[in-house]
Each structure stands twice: as structure tokens, then as C-alpha cells.
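[1] can't give you the sequence, but here's the structure:
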């Protein structure tokens with residue numbers, strides 16, 4: 001096995017909530033406020049750990065997907081890899097030339113034209129002026145911005161920013177390419193073009209680290225993925241298996257009470273115990289397959305270990321990881337659920353086929369303690 005090109009060794013990163021030092025004046029002001037006891041009562045409780053003891057390695061030419069709920073620490077991990085942030089604990093090693101597309105328009109100067117920003121951004125990414133000149137036409141053609149090349153980028157749309165930024169990063173011929181969710185602002189044709197370019201780079205030996213919520217695209221490009229949840233790595237393995245862990249992490253994040261999170265008094269993983277989910281026919285028999293015209297009843301049993309004031313139950317049926325065939329959401333449908341501690345039964349009859357939200361309520365309620 002070849003030596004790792006990227007090594008992320010037991011890395012932790014923390015932030016202090018409520019402090020934003022964008023200038024020396026901000027930093028000095030914050031110091032003086034703390035000196036005179038005007039820090040707003042912030043102490044240890046104001047420390048937020050974005051990453052906790054995250055550990056992984058990536059070898060040359062092996063793409064890695066990073067997925068997880070919003071706030072799980074994905075973008076923080078990429079910024080640490082790019083050198084934008086420094087870890088509070090652990091060690092990070094990246095070998096070779098690195099190109100990063102982490103934020104739309106990062107490294108661009110709004111008053112400069114697209115052409116001028118290509119030279120500026122290319123230089124930041126380590127390309128020589130001669131190298132940029134030789135690749136200029138390819139960069140512009142890939143981004144599809146020939147007509148707007150000499151326009152100041154402050155007049156660009158977010159999609160144009162993303163197209164130009166990705167095109168520059170993808171033509172650096174990097175050893176390591178970091179790509180965040182910014183590609184979601186592009187149109188469908190450009191996203192396909194980006195996916196094809198990422199595959200070409202991987203086939204050429206580039207190590208790709210790809211953060212996205214597009215699970216189909218991630219699986220098509222990355223055979224391996226890690227799942228982050230609440231700053232921790234909860235899975236590292238085959239991308240197809242990672243999807244299941246991703247949905248589990250999303251479910252835990254969805255039922256979290258923000259007030260409890262702020263106070264640090266909740267353990268989300270122990271709040272809900274999912275008992276069973278079964279699909280039944282009209283006679284109450286469990287089914288493992290059904291025709292498009294068949295009526296099915298979804299029966300969900302679960303136990304609440306603590307009271308949830310605004311309980312929402314959502315069931316989704318997917319043909320693939322991103323294509324919803326059926327979505328049942330009690331909050332969206334105006335159905336109030338008891339969030340009392342104890343065992344619960346949730347049963348619904350969705351109509352057949354691609355019916356969206358149309359269904360009729362059968363039985364819904366608490367069945368014991």
C-alpha cells in the first residue's frame with residue numbers, strides 16, 4: 001500500500017462562540033473587554049468543538065467523500081486541510097500541490113475582471129504566469145464565461161463565481177483537490193461537467209476530497225466515504241454503506257432541541273429508540289414488495305426517552321439516495337404528535353404511486369409508558 005498523501009491524525013478544532021476578530025481593532029477590543037470584566041459572561045460554556053479526534057488517511061489517487069448533517073464539521077475539516085485554519089489538537093499532513101474550492105469566490109477580488117482574477121487565483125494556487133497563460137483558454141472555455149471574461153467579477157452571479165473558481169482549481173493539475181458543496185449553485189450541465197472533470201483528475205492520480213450532500217454524485221466518484229456527526233467521525237468505509245450512517249446522523253440532528261444543544265444538556269442519540277418500521281397491506285399483512293397501484297400502510301414504532309415538545313415524524317421512500325418517491329411528514333401535514341416519554345405507534349396509509357403528501361390518517365397516538 002502506498003504512503004498517504006493526506007494524513008488527518010486525531011484532529012480537534014474548537015471555536016469560541018460570540019467572538020469575531022476580523023481586524024486588529026476587534027482583537028484589541030475583545031482583549032480590553034475581557035480585561036475589564038465585560039466579556040458577557042463567556043467562559044468554558046462558550047467553547048464549541050467543531051471537530052473532535054477525527055482521524056483518517058487518503059492515499060494517492062483515491063477519492064474520499066465527506067458527508068454529514070449541516071454543522072457536522074465537514075467544511076471545518078476542509079479548511080484545516082487547506083491551511084486556512086489550524087488544529088487545536090492533532091496533526092495534519094498534505095503532500096504535493098493542493099487546490100481548494102471551499103467557498104464561492106474565495107480568493108477573488110471583486111473589482112478585478114474575470115481574466116485578472118484567473119491570474120490572481122492561479123498564482124495563489126501555485127501556478128506560474130507562463131503556466132496560467134498556457135491554460136487560460138481551457139479555463140475560460142470550461143467555465144463558459146468567454147463573453148464575461150473582461151467584466152469585473154463583482155457583477156458575476158453566484159453560479160458564475162462557482163464556475164470560474166472550479167475551473168481554475170481543476171486546471172492547476174493538483175496533487176490534492178478539495179471540493180466543498182459550492183458546486184450546488186451551478187446548473188445541471190455544469191455539475192455534470194464538474195463530475196466528469198473530477199473523474200479525469202482522479203484517473204490521472206489526483207487525490208480528491210469531496211464534501212457534498214449529493215449522495216448519488218458522491219457514490220459515483222468516491223468508493224470510500226467518512227460520515228461526520230457532531231464533530232466526530234461515526235463511519236469510515238464503503239460509500240454505499242456510508243449513506244445509511246448519513247441518514248441516521250441526519251435523523252439525530254433533526255430531533256435535536258436547539259435549546260438543549262445550547263445548554264449542553266441533551267444526548268440526542270439516546271432521545272429516540274426506533275423499534276421497528278414495517279410496510280403492511282390493507283389486511284395488516286407485512287409486505288416486502290408491492291405493485292405501483294397497491295395501497296400500503298407504514299407502521300412505525302418508537303420509544304421516546306425524554307419529552308420532545310415539537311415532535312415531527314418523517315418517512316421517505318426513495319428510488320435512489322436523492323430521488324424521493326414518497327414523503328410523509330407530520331409537521332408539514334399539520335398533524336400534532338404527542339412527544340411524551342414512552343412508547344409510540346405511528347401508522348399511515350399513503351396513496352399508491354408518486355403521490356407526494358396525499359394520504360389519510362389511520363391511527364396515531366401514544367400506546368404506553
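    That came in fine, so what should we check first? From a predicted model like this one, the values you see are computed outputs, not experimental measurements.
[2] what's the offset of stretch 289-306 from the middle of its chain?
    28 Å (Cα atoms, centre = their mean, to the nearest Å).
[3] did I read that right, residue 191 in a helix?
    Yes. According to DSSP: H, G, I helix; E, B strand; the rest coil, residue 191 belongs to a helix.
[4] And for it, the neighbour number?
    Using other Cβ atoms under 10 Å, residue 191 is surrounded by 17 other residues. Every C-beta, even on glycine, is put in place using the N, C-alpha and C of the backbone.
[5] cool, the one 3 residues further on as well?
    Using other Cβ under 10 Å, residue 194 is surrounded by 22 other residues.
[6] tell me the secondary structure for it?
    Criterion first, three-state DSSP; result for residue 194: helix.
[7] Residue 6 versus that one, what's the distance?
    As for residue 194, its distance to residue 6 is 21 Å (criterion: Cβ to Cβ, to the nearest Å).
[8] Same check on residue 82?
    For residue 82, the distance to residue 6 - Cβ to Cβ - is 11 Å.
[9] now swap in residue 95 and tell me
    Distance, residue 95 to residue 6, by Cβ to Cβ: 8 Å.
[10] which one of those two has more residues nearby?
    residue 6 (23 against 14).
[11] wait, what's in contact with the more buried one?
    Neighbouring residues of residue 6 by Cβ atoms under 8 Å, 6 or more residues apart in numbering: 57-58, 64, 81, 93-95, 176, 207, 209.
[12] one more time with 7 Å
    57-58, 81, 94, 176, 207, 209 (Cβ atoms under 7 Å, 6 or more residues apart in numbering).
[13] Residue 218 too?
    So residue 218 contacts 65, 67, 210, 212, 225, 239 (Cβ under 7 Å, 6+ apart).
[14] Quick one: neighbours of the first one, just the number.
    Here the count is done by other Cβ under 10 Å, and residue 65 has 25 residues near it.
[15] right, and residue 145 touches residue 114 too?
    Yes. If you go by Cβ atoms under 7 Å, residue 145 and residue 114 touch, sitting 5.7 Å apart.
[16] where do the contact lists of these two overlap?
    Taking Cβ under 7 Å, 6+ apart as the contact rule, the neighbours common to residue 145 and residue 114 are residue 164.
[17] And the two? Which one has more around it.
    residue 114 (23 against 20).
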